[in-house]
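> task: produce atomic coordinates for the following.
(chains A, B, C, D, E and F)
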There are 4 protein chains.
Amino acid sequence: MSPQQTVEDQSARPASSRVQRKRGRRIQEILTAAAELFGERGYDAVSLEDVAERLDVTKGSLYYYFSGKEELVTAAIETLGNEWTALLEELLDGSTGTAAQRLRALIREHVTIAVRDYPAALRLFLVPRQWPDAQRERIKELRQRHDALFRGLVEEGVASGEFTVTTVDTALQCMHAAMTQAPMWCGEAKPRDRDRAIDEVADTLMMLVGIPPR
Amino acid sequence: MSPQQTVEDQSARPASSRVQRKRGRRIQEILTAAAELFGERGYDAVSLEDVAERLDVTKGSLYYYFSGKEELVTAAIETLGNEWTALLEELLDGSTGTAAQRLRALIREHVTIAVRDYPAALRLFLVPRQWPDAQRERIKELRQRHDALFRGLVEEGVASGEFTVTTVDTALQCMHAAMTQAPMWCGEAKPRDRDRAIDEVADTLMMLVGIPPR
Amino acid sequence: MSPQQTVEDQSARPASSRVQRKRGRRIQEILTAAAELFGERGYDAVSLEDVAERLDVTKGSLYYYFSGKEELVTAAIETLGNEWTALLEELLDGSTGTAAQRLRALIREHVTIAVRDYPAALRLFLVPRQWPDAQRERIKELRQRHDALFRGLVEEGVASGEFTVTTVDTALQCMHAAMTQAPMWCGEAKPRDRDRAIDEVADTLMMLVGIPPR
Amino acid sequence: MSPQQTVEDQSARPASSRVQRKRGRRIQEILTAAAELFGERGYDAVSLEDVAERLDVTKGSLYYYFSGKEELVTAAIETLGNEWTALLEELLDGSTGTAAQRLRALIREHVTIAVRDYPAALRLFLVPRQWPDAQRERIKELRQRHDALFRGLVEEGVASGEFTVTTVDTALQCMHAAMTQAPMWCGEAKPRDRDRAIDEVADTLMMLVGIPPR
DNA sequence: CATGAATGAGGTTTCATTCAT
DNA sequence: AATGAATGAAACCTCATTCAT
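Now for the predicted structure:
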């Protein structure tokens, strides 16, 4: 049995779970490094050598865990998406107040993550030639889970009369597009300016659901 | 001594203007092809061989007109941006009504062009992070000219009290981001659905300047 | 200090013979698997990973029994050759009749084994040109033992005037070459056709020693 | 239009036939070098680097003419087969005498070529994983053309009563197998011995069609 | 005994770039 | 103006081998 098995198959063999856990941890290390790099520079601009170097191993080692660049990047996207979504879910769990207050906080958090951790995340969804089927499914699911967070809040606000939208779908798409590209114009050096920029983005995007600034 | 001269230099020598015109035409052909390809697949995923093949010439020929891949792609972006901006300026010249009416028309037109002519233009703005200085300048200027169209209208509306914004800059950025990515979710087959989708985008984005739907 | 010891050494230590037997059995399993794979695809096209996978162990384990790929393949050839020769010797022990009758039976058996058990055994003799000295010796000996069976019969027939040959050596070489490649053109699906094909090969090869068909 | 076009397409564009001829010549140079190397060592054991080095160019250049290793080797086999067959046809054209005399000369020539030029030609027909369809056809045709030479003579001899065979097909297969493997046991250093060995092979193989030695 | 992990050398392939013609 | 040819660096990938556990 070849050792490559994507992250989810892990539970196949119950044997030697300590080893399995270690393997899992290593895979996560790799995926985190890969997610950062791909998130920063995009698919084509990152070589496996780059990934290996950041992990201080050789290229060959990556092939022990992944069957190739595409599998690696797919898994990395998944990781990135999961971490990102988890952070947002966490925030949402602890947040109270009106739908507007919570949505604004969510937007702020999302942009902050984008700017801080994954300035080129957008590119990861613009990967070359369409993905092989298996991988495309996984990415689509990921995106839906992420979207659901925003959609839930928006629908709540609309239901309560707090928000006004033309279409929930379109408002979400626009919001998402702007948030994703935000790192490109908020990527300033000084944290102070950056924070203000993020605030402005949040205020501006709230207008998409009919909440005026101030 | 190579005859390379970037697109601007073209008008420098009045001599032998028939030759010059022909050269200009050839350059335009190349740039159009390049813009399409780069727009479809992104910078890294398009090889000069691809561009040459679409033009039915050899790679070598491209070097007669451009000093390298980067210059080619920069010029392509410039061309595409110029055409695009020209279409928008034309529309604006003939348009009357309130700032809101004109802005809405401008947004509609922009998205329509994007969806119809340059479905993947977005990628052209996701080009390698570090441009050589010379090229970065040109792209920045282009963007500013394009932006000025929207900015003018928005400022006019703000001045007249018609619009409400947190920051003109941020509103424009968000608007731009959403418009650029719109082709990705409006790229439906049937023209009827597509038109309605574009309308929704326009309505939604008008909210960024405080204009409610309907 | 690694415990590697080539197959011959096995019987050296009488100590702990149960362990030794187990070791021997394991080695045989490995060699059988290896012989099949190398026979099917050739030396270069089979990786140790492939061999390990078929045995459901890891690559590393193979190094416990063999010092490397070359030793493994040499031993595999040896095993295969031994089994093959043993089968032929067995046949010869029980066979009677004229030299021609016995030679014909031997040829038939040889080709039958090749077709049935080792359809691509030929490739095992097309292994990298330069064997290390130690291994070359072993392979040569093997071949001689195998050859001796045929040689003995041929010489007997020549001595008795039953056979006519130009050179015993050359006749044997040609016979061997044809027998080895026979699986490639006798590898038909239906057993009936296959049996007739083998008969034809045997008849034809008998002509090499001057025995006419029928 | 990518420059790769296999040898037969050459006549597609009538344009600039001097250039075309030069291209053809270069391709032949490459194929000759490749055929020698692959013929000597087999598919897997020859790297493109090896081929490139013998031609004193870089690996990359090979990709200008061939789309990959497989295409190169297929074309090389074709070349090798064509040259080989051409030599045999030439010989046959100028040869007179009985079918036996001519067949014997043909065998001698074939083995001489094998020993002298392509000691590992056999391996080329045992290439890894079956060939892609396109290439398999070409190789099969080649083989048939080659076989036809021998078949014609054998059938002629059988018709005239000069030869006796069990089956023409089987006799040809055996003959071919032996001839192809002959370099393995005739590859001696001294030309004198080698010539005698070839003579013996020829005499021995003539027995396959019922011609006794001497 | 056996495994999982890692390595490093070497293979195939791609491609921007240069240049003689 | 354009082409065919060649290059070289760098990419992806494979695999025999080693080793701590």
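
> could you see whether DNA strand F lies near stretch A:63-71?
Yes: judged by Cβ under 7 Å from any atom of the strand, stretch A:63-71 comes into contact with DNA strand F at A:63, A:67-70. Just so you know, the C-beta spots here come from the backbone N, C-alpha and C atoms, and that holds for glycine as well.

> drop anything exposed from the residues you listed.
A:63, A:69-70 (16 or more other Cβ atoms under 10 Å in any protein chain shown).

> show me which of the residues of stretch A:63-71 next to DNA strand F is closest to chain C.
For these, the residue nearest chain C by Cβ to the nearest Cβ is A:Y63; the value is 11.5 Å.

> so which of the residues of stretch A:63-71 next to DNA strand F reach chain D?
Among the residues of stretch A:63-71 next to DNA strand F, no residue sits close to chain D (Cβ under 8 Å from any Cβ of the partner chain).

> so which residue is smack in the middle of chain A?
A:G81 (3.4 Å; Cα atoms, centre = their mean).

> wait, it sits on A:L142?
Yes: applying Cβ atoms under 8 Å, one finds A:G81 in contact with A:L142, separated by 4.1 Å.

> whether stretch A:71-90 contacts chain B - can you check?
No: using Cβ under 8 Å from any Cβ, stretch A:71-90 stays clear of chain B, with a minimum separation of 13.4 Å.

> and that stretch, C-alpha only, in PDB?
In PDB, the C-alpha atoms belonging to stretch A:71-90 read as follows (Å, rounded to 0.1, in the frame of the first residue of the first chain):
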ATOM      1  CA  GLU A  71      -2.700  17.300  -4.600                       C
ATOM      2  CA  LEU A  72      -0.600  19.400  -2.300                       C
ATOM      3  CA  VAL A  73      -2.200  22.600  -3.300                       C
ATOM      4  CA  THR A  74      -5.700  21.200  -3.100                       C
ATOM      5  CA  ALA A  75      -5.100  20.000   0.400                       C
ATOM      6  CA  ALA A  76      -3.500  23.300   1.300                       C
ATOM      7  CA  ILE A  77      -6.500  25.200   0.100                       C
ATOM      8  CA  GLU A  78      -8.600  22.900   2.200                       C
ATOM      9  CA  THR A  79      -6.500  23.600   5.200                       C
ATOM     10  CA  LEU A  80      -6.400  27.300   4.600                       C
ATOM     11  CA  GLY A  81     -10.200  27.300   4.100                       C
ATOM     12  CA  ASN A  82     -10.800  25.300   7.200                       C
ATOM     13  CA  GLU A  83      -8.600  27.400   9.400                       C
ATOM     14  CA  TRP A  84     -10.100  30.600   8.100                       C
ATOM     15  CA  THR A  85     -13.600  29.400   8.500                       C
ATOM     16  CA  ALA A  86     -12.800  28.100  12.000                       C
ATOM     17  CA  LEU A  87     -11.600  31.500  13.100                       C
ATOM     18  CA  LEU A  88     -14.700  33.100  11.800                       C
ATOM     19  CA  GLU A  89     -16.900  30.600  13.400                       C
ATOM     20  CA  GLU A  90     -15.100  31.100  16.700                       C
END
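
> quick one: average confidence on that stretch?
The average of the pLDDT scores along stretch A:71-90 is 91.
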